[in-house]
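Asks: what's the 3D shape of this:
(4 chains)
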Amino acid sequence: MEMNLKYFGILSEITGRPDEWLESPAETVGELLEELNEKYPAMKLVSCQISVNQKLAERVSVLREGDEIAILPPFSGG
Amino acid sequence: MEMNLKYFGILSEITGRPDEWLESPAETVGELLEELNEKYPAMKLVSCQISVNQKLAERVSVLREGDEIAILPPFSGG
Amino acid sequence: MNEHYERYQRHFTLTEVGEEGQERLTRSKVLVIGAGGLGCPVLQYLVGAGVGHIGIVDGDQVSLSNLHRQTLYTSEDVGSDKSTVAGAQLAKLNPMVKISSFSEFLNLELALKLFPDFDLIIDGTDNFDSRYLINDAAVITGRPFVSGSVFRHEGQVSVFNYQEGPTYRCLFPQQNRPGFGCAETGVLGPVTGVIGSIMAMEAIKVLLDIPGVLSGQLLILNTLQWTSSQLSFSRKEEQVALAKTRVSHLQSFTHVK
Amino acid sequence: MNEHYERYQRHFTLTEVGEEGQERLTRSKVLVIGAGGLGCPVLQYLVGAGVGHIGIVDGDQVSLSNLHRQTLYTSEDVGSDKSTVAGAQLAKLNPMVKISSFSEFLNLELALKLFPDFDLIIDGTDNFDSRYLINDAAVITGRPFVSGSVFRHEGQVSVFNYQEGPTYRCLFPQQNRPGFGCAETGVLGPVTGVIGSIMAMEAIKVLLDIPGVLSGQLLILNTLQWTSSQLSFSRKEEQVALAKTRVSHLQSFTHVK
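Replies: Purely as a prediction, here's the structure:
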């Protein structure tokens, strides 16, 4: 399944890009996260939330072809 | 043909809405403008530009089903 | 009254404000936590707009490295308390506004004492501890709060605990992992200017009941590409309950002391 | 040098600035036309960022109805020249920046005299005559300019005449129809804060060659919904040529005089 990933904040530095299309066997948000943690080990260190199609998702949320998935850490700066 | 119109600045006040879907026989930007000027006479008084799918268009530009058409006046305030 | 009319003239022709809205702003009380890169524009525009009472909480002193983005301070102010300097400058901007400065870092006791006196809280702090603290105190005291934050060229804004809407913990449950502030990562002044101004706008929307408040919506802005996205999220009662456990901690703490 | 390092500390850890970029800012010269709602944040952030030389052109005096959005002024300044007051306040913010105040309204002769001394022009004016004038003088003198404008809760920003890119006339050919400024229509302070801060960011991008400059792109922002759109447009040689006809007018005018 192909998905459109968007990386915010420090995640775009960890992954080296602001977004990418990813072909993945992951069927849930949790599975996708595991795959990403393997691909980008530094990602494990960062607290972040996942949204699917502009809506906050849970680890158990099911993914569909073409979903837009944003991975966003909270920011603290002011 | 159905088109998605977006009105910026004073135009959203003239038309009473920020956007609308319009069923129109217009085949070019110029023809659409004529139709709008009839529907919203006050529009004639305002200097504005038209963009089609996020690109500045000319009066002769040809329209297609589902086009996103923005009507934007320059702003002067500061 | 003439000064009132002349000063707020640009508000009277706006349907969203008008004379009634201006009257409402004048009766409003807003507490701004953090008078830094985000707090400065928030304070300037809320004091300019004529909010009746503004509280400023910041225990920090002005440093040279603040000046590129913290527009209420000058080189002469280096070393002075931010909340005091900001208060004095804002009083000159609009003497019709009552300004209270608190030169302290926020803690739970101070938050629970101050929040009930204000209608709306602004979180312009620069660390996660303060953000969770503000969230929890806002939940406990039943106050909405506008929250903004930046990371390099990106910013986030949302309004939490507004009309039974979701809280900060509903979006970002607390996790023991590192965060990143301005000091470590660097930031350009205009980034805090954009995000702080957006926060001021949201504050005015909350105070005047203007539709479209960013409640249950996180606005994320990239200031290099000017792309924005909005992500929606819902209230989670277990996260709201978590905020309230703070009170019991405080009570037992106070008791033990 | 120690002050330099401490003051710009938050820039040094940014890959887009760094020590080299800071050096470049220090050598840059920016002329800001209009020290009003848009000009104030632009000036504050560019002076804060350490741009070497800032010129301010504004023939207006501070009035009470400016104060809600023009954050460089206080009640005590009412009646004084904006460019003078702004210059004095900005010098306190960052004494390392050279500031030149011109208490005049821009006309073509002044523009053609001043523009060649600066690398970048900022259009923060509040009327169409000035906007076309700045465009034409920028085209004639070969200077890029950052242009921002607001209408109620909406704002527009673009960078014109940047690296052979399109000009203001390529986007909005001159037409004899009415426009709308802040005085007639009203505006909330944070709206000019957001748009002015965006303009300051674009200025820094131009000065430091950071990719993504809004050249050939008009950013339109709605501050009630926080929706943004970007519309692309191209250079039209006949519109660029039109700008240059201004010089012949001036030459004949000067000649006749």
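Asks: And residue 56, its phi and psi?
Replies: All of this refers to chain A. phi -60, psi 130 (degrees, to the nearest 10).
Asks: just checking, it touches C:Lys236?
Replies: No: contact criterion C-beta atoms under 8 Å: A:Leu56 and C:Lys236 do not qualify, at 9.7 Å. Bear in mind the C-beta positions are built from the backbone N, C-alpha and C, glycine included.
Asks: what ranges do the helices span in chain A?
Replies: Using DSSP state H, the helices found in chain A span residues A:10-15, A:29-39.
Asks: make that chain C, sorry
Replies: For chain C, the helices defined by DSSP H occupy C:2-7, C:9-12, C:18-27, C:39-49, C:82-93, C:108-114, C:128-141, C:168-171, C:182-185, C:189-208, C:237-256.
Asks: Quickly check: the first one near chain D or not.
Replies: This means helix C:2-7. Yes: under the criterion of C-beta under 8 Å from any C-beta of the partner chain, chain D is reached by helix C:2-7 at C:3, C:6-7.
Asks: Share the number of residues neighbouring residue 10, please.
Replies: Answering for chain A, as no chain was given. By the criterion of other C-beta atoms under 10 Å in any protein chain shown, A:Ile10 has 22 neighbours.
Asks: Chain C was what I was after
Replies: Applying other C-beta under 10 Å, we find 24 residues neighbouring C:Arg10.
Asks: measure C:Ser149 to A:Pro25 for me?
Replies: C:Ser149 is 35 Å from A:Pro25, where distance means C-beta to C-beta, to the nearest Å.
Asks: If you drop the residues flanking it in sequence, what lies closest to A:Arg59?
Replies: A:Gly30 (3.7 Å; C-beta to C-beta, 6 or more residues apart in numbering or on different chains).
Asks: Equivalent analysis for C:Arg10, please.
Replies: Of all residues not flanking C:Arg10 in the chain, D:Gly186 sits nearest, at 4.7 Å (C-beta to C-beta, 6+ apart).
Asks: On the strand side of things, show who the nearest residue to C:Ser147 once chain neighbours are set aside bridges to.
Replies: Of all residues not flanking C:Ser147 in the chain, C:Asp123 sits nearest, at 4.2 Å (C-beta to C-beta, 6+ apart). Applying DSSP bridges to C:Asp123 gives these bridge partners: C:Ile33, C:Ser147.
Asks: Give the burial count for C:Asp123, as a bare number.
Replies: Count around C:Asp123 with other C-beta under 10 Å applied: 28.
Asks: From the centroid of chain A, which residue is nearest?
Replies: A:Ile71 (3.8 Å; C-alpha atoms, centre = their mean).
Asks: distance of it from A:Met3?
Replies: Separation of A:Ile71 from A:Met3 (C-beta to C-beta) stands at 11 Å.
Asks: Now do the contacts for the spatially closest residue to C:Glu104 that is not a sequence neighbour.
Replies: Spatial nearest neighbour of C:Glu104, excluding adjacent residues (C-beta to C-beta, 6+ apart): C:Gly59 at 4.8 Å. Neighbouring residues of C:Gly59 by C-beta atoms under 8 Å, 6 or more residues apart in numbering or on different chains: C:81, C:83, C:103-106.
Asks: sorry, back to before: which among the helices of chain C is found nearest to D:Gln174?
Replies: helix C:9-12 (27.1 Å; C-beta to C-beta).
Asks: So which bits of that closest one are buried?
Replies: Under the neighbour-count criterion of 16 or more other C-beta atoms under 10 Å in any protein chain shown, helix C:9-12 has C:9-11 buried.
Asks: what does stretch C:110-118 give?
Replies: Buried-residue list, stretch C:110-118, by 16+ other C-beta under 10 Å: C:110-112, C:114-115, C:118.
Asks: Just the pLDDT for residue 30.
Replies: In the absence of a named chain, this looks at chain A. Note on A:Gly30: pLDDT of 94.
Asks: Chain C is the one I meant
Replies: On pLDDT, C:Val30 comes in at 98.
Asks: Might one say that it is in contact with C:Val57?
Replies: No: with contact defined as C-beta under 8 Å, C:Val30 does not reach C:Val57; the gap is 11.5 Å.
Asks: beta partners for A:Asp19?
Replies: The partner residues for A:Asp19, given DSSP bridges, come to A:Lys6.
Asks: wait, it sits on A:Leu11?
Replies: No: the pair formed by A:Asp19 and A:Leu11 falls short of the contact definition of C-beta under 8 Å, at 10.5 Å.
Asks: Please state the backbone phi and psi of the nearest residue to C:Arg235 once chain neighbours are set aside?
Replies: Closest residue in space to C:Arg235, ignoring its immediate chain neighbours: C:Pro166 at 4.2 Å, by C-beta to C-beta, 6+ apart. Per-residue torsions, C:Pro166: phi -70, psi 160 (degrees, to the nearest 10).
Asks: who touches C:Pro166 in this structure?
Replies: Contacts of C:Pro166 (C-beta under 8 Å, 6+ apart): C:160, C:215-216, C:233-236.
Asks: Would you mind checking which of those is nearest to D:Asn94?
Replies: C:Phe160 (35.2 Å).
Asks: what pairs with that closest one across the strands?
Replies: When bridges are taken as DSSP bridges, the partners of C:Phe160 come out as C:Phe145.
Asks: coming back round to it: could you check which of A:Asp19 and A:Leu11 is surrounded by more residues?
Replies: Between A:Asp19 and A:Leu11, counting by other C-beta under 10 Å, A:Leu11 is the more crowded of the two (22 against 15).
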